[in-house]
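Participant: Need coordinates for the below:
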Amino acid sequence: MLVLIVNRAIDILQILIVIDALLSWVPEFRYRFREATRILEKITRPMTDPFRRLLPPSKTGGLDISPLLAIVALGIIRQILISLLMGRGIWR
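Facilitator: Predicted coordinates:
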């Protein structure tokens, strides 16, 4: 049961990161729905900002790859948590 919750929570976080990244290409939408995008940013930015500071768009040819890195990191965290929850350990 807990494994299912962890899986779904990480799925939702990854989807929200993708939505936030796509919305960054549509400033009119972000402006029109300010409150909704603020909530979305409060959820996603803590996961993407560390990667954005590590590899700012100015160092990656103007492309912000922080959402991709955050999604990959969440996938790794998912595998570690599921392994720990199922009692297999991390290094098996």
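Participant: Name the nearest residue to residue 48, sequence neighbours excluded.
Facilitator: residue 66 (4.3 Å; Cβ to Cβ, 6 or more residues apart in numbering). Just so you know, the C-beta spots here come from the backbone N, C-alpha and C atoms, and that holds for glycine as well.
Participant: tell me the phi and psi of the one you found?
Facilitator: With angles defined as degrees, to the nearest 10, residue 66 shows backbone torsions of phi -60, psi -40.
Participant: ok, now how distant is it from residue 20?
Facilitator: With the distance defined as Cβ to Cβ, to the nearest Å, residue 66 ends up 10 Å from residue 20.
Participant: I'd like the next helix or strand past the helix or strand of the chain with the lowest mean pLDDT.
Facilitator: Least confident helix or strand of the chain, by mean pLDDT, DSSP states H and E, is helix 27-32 with a mean of 90. Helices and strands here follow DSSP states H and E; after helix 27-32, the next one along the chain is helix 34-54.
Participant: pLDDT weak spots in this protein?
Facilitator: Flagging of the chain using pLDDT under 70 yields the residue ranges 89-92.
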